[in-house]
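mind folding the following:
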Amino acid sequence: MDGAQNDLERLMIFEHARMNAEAEYAKNPTDVDNLTRWGGALLELSQFGDINESKKMLKDAVSKLDEALSINPAKHEALWCLGNAYTAGAFLTSDFDEAKVQFDDALQCFQKAVEECPGNEHYLQSLASCAKAPELHKEIHKPGGLGQAQQTLGGPSAASSSAKSSAKSKSSDLKYDIFGWIILAVGLVAWVGMAKSNVPPSPPR
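Numbering: from 1, shown residues only. Below is the predicted model of the structure:
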């Protein structure tokens, strides 16, 4: 229940941030910070809804972040956001060759973000994780990939305890990596957090 409540609150926060950014864009279309917040909110919103809605949100996010970078190519927050958008889009794409192009684009974005802001832990972590992304993509999209790993965790098995332990470890690592990608954008809260103060109060429980 708490998880659903948290998801609803996050959805409200980022939808409000998106609406604020859209309104601000009408007044000042060259505000790079606003375009970055808009792209970041769309990136967060892409985690909700079905795969087609997610892809549309990611496409919109890429468009806004590209626009921000066309004005200021050194905007490292926008570069990092764009890298995450490409990465998320790649994981939603089953065709490996098509996904690889997006992973390569993401890697370039993360590298540029690190160059513009050396030592940033989020950027360095994203850059390191991006190198593993194509292999993880293969694991997720191969027949019996993630689903098989989850079955190994939950179902009975005649395998030895060491084999089960190994399978469990592999599955846990895989899920950790996947959730790691999903929550990479959590840092974006810092950029759209200002929307919190403008979100209507939650109804009394």
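
from here on, contacts and neighbour counts on C-alpha atoms
OK.

show me the contacts for K138.
Contact analysis of K138 by C-alpha atoms under 8 Å, 6 or more residues apart in numbering lists F96.

and it, what element?
helix 121-141 (DSSP states H and E).

okay, buried residues for that helix please.
By neighbour count with 16 or more other C-alpha atoms under 10 Å, helix 121-141 contains the buried residues 123-124, 126-127, 129-130, 133-134, 136-137, 140-141.

what of stretch 60-80?
For stretch 60-80, burial by neighbour count (16+ other C-alpha under 10 Å) applies to 60-62, 64-69, 74-80.

T93 and M19, how far apart?
T93 sits at a distance of 28 Å from M19 (criterion: C-alpha to C-alpha, to the nearest Å).

these two: which is more packed in?
Legend: neighbour count by other C-alpha atoms under 10 Å for T93 and M19, higher for T93 (18 against 14).

so what does the more buried one have for phi and psi?
Backbone torsions of T93, given as degrees, to the nearest 10, read phi -100, psi 120.

surely it is in contact with K100?
No - using C-alpha atoms under 8 Å as the test, T93 is too far from K100 to be in contact (9.5 Å).

widest-spaced pair of the buried residues of stretch 60-80?
D60 and A74 (20.6 Å; C-alpha to C-alpha).

what about the chain, any weak spots by pLDDT?
Within the chain, the ranges that satisfy pLDDT under 70 run 1-3, 144-205.

helices of that one, residue ranges please.
Assigned by DSSP state H, the chain shows helices spanning 2-27, 32-45, 51-71, 76-91, 96-116, 121-141, 146-154, 161-182, 189-192.

could you give the angle of the fifth one to helix 121-141?
Right, helix 96-116. Computed by axes from the mean of the first three to the mean of the last three C-alpha atoms, to 10 degrees, the angle separating helix 96-116 from helix 121-141 equals 170 degrees.

and helix 96-116, what does it pack onto?
helix 76-91, helix 121-141 (3 or more C-alpha pairs under 8 Å, 6 or more residues apart in numbering; DSSP states H and E).

run through who's touching it.
Contacts to helix 96-116, defined as C-alpha under 8 Å, 6+ apart, come from residues 74-77, 79-80, 82-87, 89-91, 93, 120, 123-124, 126-127, 130-131, 133-134, 137-138.
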